[in-house]
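Enquirer: My questions concern the predicted model and sequence given below.
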Amino acid sequence: MTLDRAVFVFAGFVVLTSVALAHLVSPWWMLLAAFAGLNMIQAAFTGFCPAAMALKKLGFKPGQAFR
């Protein structure tokens with residue numbers, strides 16, 4: 001799995017977890033989904049993604065987006 005795909009999996013996991021927690025615990029958990037969305041938007045424009053940096057250190061091979 002490349003770094004790009006790992007970032008997509010992580011972002012999807014964060015969003016789905018946020019939705020589940022908002023449904024089961026408190027609607028305030030939707031702020032986590034909003035944060036993930038904003039982070040994806042800023043990464044698209046700046047190329048800076050903290051999740052990609054962390055996953056790269058874990059040994060994921062770089063893809064096209066995050067080098």
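Expert: Nice, thanks for sending it over. Residues are numbered from 1 along each chain as shown.

Enquirer: what helix or strand does residue 5 sit in?
Expert: Element membership for residue 5 (DSSP states H and E) is helix 3-24.

Enquirer: buried ones in that helix?
Expert: The neighbour-count criterion (16 or more other C-beta atoms under 10 Å) identifies 3, 4, 6, 7, 8, 10, 11, 14, 15, 18, 21, 22 as the buried residues of helix 3-24. C-beta here means a position set from N, CA and C on the backbone, and glycine is covered the same way.

Enquirer: distance of the second one from residue 22?
Expert: Taken as C-beta to C-beta, to the nearest Å, the spacing of residue 4 relative to residue 22 amounts to 27 Å.

Enquirer: The residue nearest to residue 17 when sequence neighbours are not counted: neighbouring residues, count only.
Expert: The shortest distance from residue 17 to any non-neighbouring residue, by C-beta to C-beta, 6 or more residues apart in numbering, is to residue 32 (7.5 Å). Using other C-beta atoms under 10 Å, residue 32 is surrounded by 16 other residues.

Enquirer: Could you list which residues are in contact with residue 32?
Expert: 14, 17, 18, 21 (C-beta atoms under 8 Å, 6 or more residues apart in numbering).

Enquirer: can you tell me how far the residue nearest the centre of the chain sits from residue 61?
Expert: In the chain, the centroid-proximal residue (C-alpha atoms, centre = their mean) is residue 11; its distance is 2.8 Å. Distance of residue 11 to residue 61, computed by C-beta to C-beta: 18 Å.

Enquirer: buried sites along the lowest-mean-pLDDT helix or strand in the chain?
Expert: The weakest-scoring helix or strand in the chain, judged by mean pLDDT, DSSP states H and E, is helix 50-57 (a mean of 92). Buried residues in helix 50-57, counted by 16+ other C-beta under 10 Å: 51, 52, 55, 56.

Enquirer: what residues does that helix touch?
Expert: 3, 6, 7, 10, 11, 39, 43, 62, 65, 66.

Enquirer: Name the spans of the chain whose pLDDT lies under the cut-off.
Expert: 66-67 (pLDDT under 70).

Enquirer: Now with 50, please.
Expert: Within the chain, no range satisfies pLDDT under 50.
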